[in-house]
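Q: sequence below, structure please.
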Amino acid sequence: MQFALDERETIGGTSAGKALGLAGFGRDPVLYALLGGDVEGRRVADALRTAGVTLIAGLAPATERHLNLMTAAGERVSLYLSAPGEADDESCAATAASLTDALQAAEAIVLDLSPEARRLIPRARATGRPIWTDVHDYDGIATFQRPFIAAADAVFMNADGIGDPIRFLHAVIDQGASLAVCTLGADGAVGVDAAGREHRVPAAPVEVVDTNGAGDAFMAGVLDATLAGADLPEALAAGARHAASVLSTPHLHPRLNDVLD
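A: Numbering: from 1, shown residues only. This is a model prediction of the structure:
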């Protein structure tokens with residue numbers, strides 16, 4: 001038996017973390033997500049919109065919810081309490097025009113791992129916009145992530161499951177991506193550019209409060225800096241700084257401190 005040292009309820013989700021980060025940089029991110037018509041879905045929608053995220057919400061049977069069991073060292077086990085399932089046909093029709101407009105207007109499209117995002121890969125590619133994806137703890141073997149990697153111009157991941165990330169990053173570049181990045185926790189991150197050059201950045205010093213969302217914040221920081229014209233070393237450093245700002249808050253982004261607390 002173990003007594004909890006603390007507990008909190010907050011917004012989770014890898015796409016929400018990235019969108020909140022981009023909003024914090026002064027951009028106008030549009031987040032397409034599936035939410036249930038339940039209390040949790042309404043709370044998530046209200047909080048994201050209050051924090052500056054433009055939300056296109058598809059109606060799903062339930063809002064995704066999970067319980068994270070955390071250690072003081074930041075180790076995590078996620079227990080999924082509910083999953084959204086698929087958007088209903090009426091919801092897809094209602095959001096189709098808004099989603100098409102958002103895809104066409106985007107400077108970049110971020111596709112996070114989900115069946116709904118995988119369904120949208122052909123539409124995203126048809127826009128000609130750069131596609132960024134985050135395959136998290138991909139082991140190099142699982143098949144679900146492969147369409148995302150094949151479609152992406154920029155691929156992000158962490159080193160938890162891959163073994164040798166450097167070899168994999170070079171393989172991603174050889175397959176046609178222009179950027180491949182692996183976060184290494186306290187050891188920072190390593191990125192490989194289109195020319196096959198490796199770039200490393202140390203983790204920014206920070207008093208860690210909660211490790212949830214650090215990888216999403218890192219990617220959002222790199223994306224924002226890249227869109228602003230930064231070269232890869234500068235962009236990686238911006239990602240490290242932004243990840244540190246999220247590590248110092250109990251939420252996915254400091255913007256949620258005033259919204260949820």
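
Q: which stretches in the stretch 151-261 of the chain count as helices?
A: All helices of the stretch 151-261 of the chain, identified by DSSP state H, counting those that start in this stretch, fall at 165-174, 214-227, 232-247, 255-260.

Q: do you know which of the ones you listed lies nearest Arg27?
A: The closest of those to Arg27 is helix 214-227. By Cβ to Cβ, the value is 6.6 Å. Every residue, glycine included, has its C-beta placed from N, CA and C.

Q: just checking, what packs against that closest one?
A: helix 14-24, strand 131-134, strand 154-158, strand 179-183, helix 232-247 (3 or more Cβ pairs under 8 Å, 6 or more residues apart in numbering; DSSP states H and E).

Q: contacts for the third one?
A: Okay, so that is strand 154-158. By Cβ atoms under 8 Å, 6 or more residues apart in numbering, the residues outside strand 154-158 that reach it are 130-138, 148-149, 165, 168, 172, 177-185, 215, 218-219, 222-223, 226.

Q: ok, 6 Å please
A: Strand 154-158 is contacted from outside by 132-135, 137-138, 149, 172, 177, 179-183, 215, 219, using Cβ atoms under 6 Å, 6 or more residues apart in numbering.

Q: which single one of those residues is nearest to Leu35?
A: Among the contacts of strand 154-158, and counting by Cβ to Cβ, the member closest to Leu35 is Asp134, at 20.3 Å.

Q: burial of that closest one, as a residue count?
A: 27 (other Cβ atoms under 10 Å).

Q: who's in contact with it?
A: Going by Cβ under 6 Å, 6+ apart, the list of residues near Asp134 reads Asp112, Phe156, Met219.

Q: turn those residues into a markdown table, including neighbour count.
A: Shown next, in a markdown table, are the contacts of Asp134 (neighbours: other Cβ atoms under 10 Å):
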| residue | neighbour count |
| --- | --- |
| Asp112 | 22 |
| Phe156 | 26 |
| Met219 | 29 |
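
Q: export those to TSV and tack on pLDDT and distance to His242?
A: Formatted as TSV, those follow (pLDDT from 0 to 100; distance: Cβ to Cβ, whole Å):
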residue	pLDDT	distance to His242
Asp112	96	17
Phe156	98	13
Met219	98	9
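
Q: okay if I get those residues as JSON lines plus distance to Gln104?
A: Putting those into JSON lines (distance: Cβ to Cβ, whole Å) gives the following:
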{"residue": "Asp112", "distance to Gln104": "20"}
{"residue": "Phe156", "distance to Gln104": "24"}
{"residue": "Met219", "distance to Gln104": "23"}
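
Q: what bits of the chain have low per-residue confidence?
A: Residue ranges of the chain with pLDDT under 70: 261.

Q: adding distance to Ala194, write the helices and strands packed on helix 214-227 out as TSV.
A: Output for the helices and strands packed on helix 214-227, formatted as TSV (distance: least, Cβ to Cβ, whole Å):
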stretch	distance to Ala194
helix 14-24	22
strand 131-134	14
strand 154-158	10
strand 179-183	7
helix 232-247	9
